[in-house]
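Enquirer: Have a look at this prediction, sequence included:
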Amino acid sequence: MALVRVVLERLAELVLTLLVASVAIYGALYLAPGNPATLLAGGHITPSVLREIERQLHLNEPFFVRYWDWLDGILHGNLGKSFVYRESVTSLLASRVLNSVYLVSYSAVVIIVGGVALGLAAALRRRLGVAITAGTSVGLATPSFVAAIMLITLFAVNLKWFPAYGTGSGFAGQLRHLTLPAVALALSWLAYTAQLTKAAVREELGKDQVETAQSRGIRPRHVVTRHVLRNALIPITTVSGITVAGLVAGDVVVEQAFGINGLGSFLVQATLQKDFASMQAVALILVAAFVVVNGIVDVAGLFLDPRLREPAV
Amino acid sequence: MATAAAIAEIAAPVRRRRHIDPVIVGASVLIGALVVVALLAPWISPYDPNSANILATNQGVSAAHWLGTDPSGRDVLSRLIWGARLSLLGPALIILIATTLGTVLAIASAWIGGLFDQVVSRVMDILFAFPGLVLAMVAVAMFGSGPIAPVVALSIAYTPYITRILRSASLRERNLPYISACYVGGVPARSICSRHLLPNIFPLLLTQAALSFGSALVTLAAVSYLGLGVQPPTATWGLMVATGQTAILAGHPGASIASGILIIVTVVAFNLLGDRLANRHAVQGL
């Protein structure tokens, strides 16, 4: 019963956070200078035409009426209308959202597989550990856009293994096109996960239960997979929330670096063009993605680790 | 007098035995050198960072141009030296504002508690939901591109990280006997917080500042890289990676990679410094 209550509490918190975030996003761009009506009408217009456009677009309504209209639209799948593209934001995003989802998912797989494997290797093999630790320190400090230009230089221009730009078509083509971007996006988080895994595994290795398992003659491989890694995965799951935040933000940069037509590069263009309707929609989607995934990670943590179910002090 | 001498005798070896960490020294020297280079830019940079030469674009390493030239024929080394100014000043301002704001909020939350503490914590939770970069982009859309909007936005974005860590440290300190002793002794709350509590969380504050600096540098450089921060032709390291990128497909990655490596080296220095400082506190039981 306690579990249900905690989950419901988290859900309420999540909805509240999203609501406040949506007011903040809408409000910030509502306050921004520049009148969409003048943008839409272009060149020379008389004040009466301007007022008519404002009336049609409900630009003359008070803030909360307009916010409510916007939120109501979003809940019904209507993200507003872009004044730059003169098209609904929903249809503008429809063709782009999957590219971002693929990129972030691909990256997440690279992070989990690569990070845990490297961390485990570093913890179990001392000499390898030194090299991996040095490598992860550099990886952790490498911004995604720097990783991007280095990967393009090495693997696209010099070795010609992977394409430098674009998204490609078909599953194999997309996978090939998204490999460098996914690695660029993953790099610093992979390094972070590897360091965390190494620390967690080292700590578990020193515990009594591992010693007991070893003295019982259990094969080393099973000791690691069944006794060490299982416990070590708990802190890794806990921080995956931060990782997701990093991926959401990093996605914006990496898409721009590799010319991928996704949510991130769309947000950059919208910012440069002051396309507020698109910005509001994409910013809200990114924040919502982050909040929801974080919420899921939180609840997953509750299931994995019963100690967290106690009310926090 | 005899007692003072005795104390000095006991105290001296303790001070001498204090371990000097080569990593901390090395990282500090590197950071100090970068700051000096940034300050001395007008005197040590070999060329005008903005003087373009279309006859000498994308040149490799040579005696005339130690790090080559960029796609506009500008000297990469001079641009890196001048770029150090805004590339370091930006994150420095962000960390200064965020730690100041975070420390005040953290100590106030720990001291006042109750509703104030709850409200601050909830606001920080909501701020956590905004990736710094997204917040910076919203600020740029509101106030236009340039150095100021992203710095203000990122200062706000980094505040919750500092606040959360310092708040729990302040709470721990608050419950220790020395604070109660001050309180019972009639020391005013403001002096307890500023003279007793603050100095005791200061090492942690410094560690967090060092660790956040690298991350702030990267995020601000990303804003520059996207073309939303400082505008060309002003040099910043992030912008230089972007301007150099146009020449990569033609086989001239030098300008981009040089600035990229400088960013990595700087961030590694700050991260190492932060990590070592953090370990030190862990040993001292902070």
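Expert: Yep, it's here. Numbers count the residues shown, from 1 in each chain, chains lettered A, B, ... in the order given.

Enquirer: can you give me the helices in the chain?
Expert: All of this refers to chain A. A:2-31, A:36-41, A:47-56, A:63-75, A:89-124, A:126-140, A:144-151, A:170-205, A:208-215, A:220-222, A:229-257, A:263-272, A:276-304 (DSSP state H).

Enquirer: Switch to chain B, please.
Expert: Taking DSSP H as the test, the helices found in chain B are B:2-17, B:22-39, B:41-44, B:76-112, B:114-128, B:132-143, B:148-174, B:177-184, B:189-191, B:198-225, B:237-245, B:254-284.

Enquirer: ok, residue 228 - contacts?
Expert: You didn't say which chain, so I picked chain A. If you count contacts by CB atoms under 8 Å, 6 or more residues apart in numbering or on different chains, residue A:228 has them with A:201, A:204, A:205, A:210. Quick note: C-beta positions are derived from backbone N, CA and C, even for glycine.

Enquirer: actually chain B
Expert: A:268, A:271, A:272, B:136, B:137, B:140, B:145, B:150.

Enquirer: Among the residues you listed, name the buried ones.
Expert: When neighbours are counted using 16 or more other CB atoms under 10 Å in any protein chain shown, the contacts of residue B:228 contain these buried positions: A:268, A:271, B:136, B:137, B:140, B:145, B:150.

Enquirer: Adding pLDDT, write these out as JSON lines.
Expert: Shown next, in JSON lines, are those (pLDDT from 0 to 100):
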{"residue": "A:268", "pLDDT": "92"}
{"residue": "A:271", "pLDDT": "88"}
{"residue": "B:136", "pLDDT": "91"}
{"residue": "B:137", "pLDDT": "90"}
{"residue": "B:140", "pLDDT": "89"}
{"residue": "B:145", "pLDDT": "81"}
{"residue": "B:150", "pLDDT": "93"}
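
Enquirer: From those, pick the one nearest residue A:172.
Expert: residue A:268 (28.2 Å; CB to CB).

Enquirer: got the contact list for that closest one?
Expert: Applying CB under 8 Å, 6+ apart to residue A:268 gives the contacts A:252, A:255, A:256, B:137, B:226, B:227, B:228.

Enquirer: Among these, find me the one that's closest to residue B:187.
Expert: Distance to residue B:187 across those (CB to CB) is lowest for residue B:137, with 46.1 Å.

Enquirer: Reformat the contacts of residue B:228 as JSON lines; add distance to residue A:105.
Expert: Shown next, in JSON lines, are the contacts of residue B:228 (distance: CB to CB, whole Å):
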{"residue": "A:268", "distance to residue A:105": "21"}
{"residue": "A:271", "distance to residue A:105": "25"}
{"residue": "A:272", "distance to residue A:105": "27"}
{"residue": "B:136", "distance to residue A:105": "25"}
{"residue": "B:137", "distance to residue A:105": "23"}
{"residue": "B:140", "distance to residue A:105": "28"}
{"residue": "B:145", "distance to residue A:105": "31"}
{"residue": "B:150", "distance to residue A:105": "29"}
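
Enquirer: low-scoring stretches of the stretch 151-286 of chain B, by residue?
Expert: Confidence mapping of the stretch 151-286 of chain B against pLDDT under 70 gives the ranges B:282-286.

Enquirer: Tell me the residues of it that contact chain A?
Expert: For the stretch 151-286 of chain B, the residues in contact with chain A (CB under 8 Å from any CB of the partner chain) are B:214, B:218-219, B:221-222, B:225-228, B:238, B:241-242, B:244-245, B:248-249, B:251, B:253, B:256-257, B:260-261, B:263-264, B:267-268, B:271-272.

Enquirer: Let's see the PyMOL selection covering just the buried ones among the residues you listed.
Expert: Applied in PyMOL, the following selects the buried portion of those according to 16+ other CB under 10 Å:
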select buried, chain B and resi 214+218+219+221+222+225+226+227+228+238+241+242+244+245+248+253+256+257+260+263+264+267+268+271+272
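
Enquirer: show me the residues around residue 77 that make contact.
Expert: By default, I'm working from chain A. So residue A:77 contacts residue A:90 (CB under 8 Å, 6+ apart).

Enquirer: right idea, wrong chain: chain B
Expert: Residues counted as contacts of residue B:77 (CB under 8 Å, 6+ apart) are B:45, B:46, B:47, B:65, B:66, B:67.

Enquirer: Narrow those to those that are buried.
Expert: So, by 16+ other CB under 10 Å, the buried ones in those are B:45, B:47, B:65, B:67.

Enquirer: can you tell me which of those residues lies nearest to residue A:284?
Expert: residue B:67 (42.6 Å).

Enquirer: Next, the closest one: phi, psi?
Expert: When read as degrees, to the nearest 10, the backbone of residue B:67 gives phi -120, psi 20.

Enquirer: So it sits against residue B:74, correct?
Expert: No: taking contacts as CB atoms under 8 Å, residue B:67 lies outside contact range of residue B:74: 11.0 Å.

Enquirer: circling back to that earlier point, farthest-separated two in the buried ones among the contacts of residue B:228?
Expert: Across those, no pair lies farther apart than A:268 and B:150, at 13.2 Å, counting by CB to CB.

Enquirer: on that earlier part again, who wins for most neighbours among the contacts of residue A:228?
Expert: Across those, neighbour numbers were computed from other CB atoms under 10 Å in any protein chain shown; residue A:201 holds the maximum, 24 neighbours.

Enquirer: what sits against the closest residue in space to residue A:227 that isn't next to it in sequence?
Expert: Leaving aside its sequence neighbours, residue A:227 sits nearest to residue A:213 (CB to CB, 6 or more residues apart in numbering or on different chains; 4.9 Å). Going by CB under 8 Å, 6+ apart, residue A:213 touches A:222, A:223, A:226, A:227.

Enquirer: so how many other residues sit close to residue A:300?
Expert: When neighbours are defined as other CB under 10 Å, residue A:300 has 14 of them.

Enquirer: The closest residue in space to it that isn't next to it in sequence: what's it in contact with?
Expert: Spatial nearest neighbour of residue A:300, chain neighbours left out: residue A:237 (6.4 Å); criterion: CB to CB, 6+ apart. Residues near residue A:237 by CB under 8 Å, 6+ apart: A:297, A:300, A:301, A:304.

Enquirer: what's the spacing between residue A:237 and residue A:10?
Expert: 15 Å (CB to CB, to the nearest Å).

Enquirer: where does chain A dip in pLDDT?
Expert: In chain A, residues with pLDDT under 70: A:1, A:34-44, A:57, A:306-313.

Enquirer: quick one, domains of it?
Expert: A:14-75, A:90-309 (automatic domain parsing).

Enquirer: Tell me how many other residues crowd the one residue in the stretch 51-200 of chain B that gets nearest to chain A.
Expert: Per CB to the nearest CB, the residue of the stretch 51-200 of chain B with the smallest distance to chain A is residue B:131, at 3.5 Å. By other CB under 10 Å, the residues close to residue B:131 number 24.

Enquirer: again with residue B:146
Expert: 14.

Enquirer: same thing with residue A:160?
Expert: Residue A:160: 9 neighbours (other CB under 10 Å).

Enquirer: Same check on residue A:94?
Expert: Residue A:94 has 11 neighbours, counted by other CB under 10 Å.

Enquirer: Then the one 3 residues further on?
Expert: Each residue near residue A:97 was counted by other CB under 10 Å, and the total is 15.

Enquirer: And for residue A:159?
Expert: 9.
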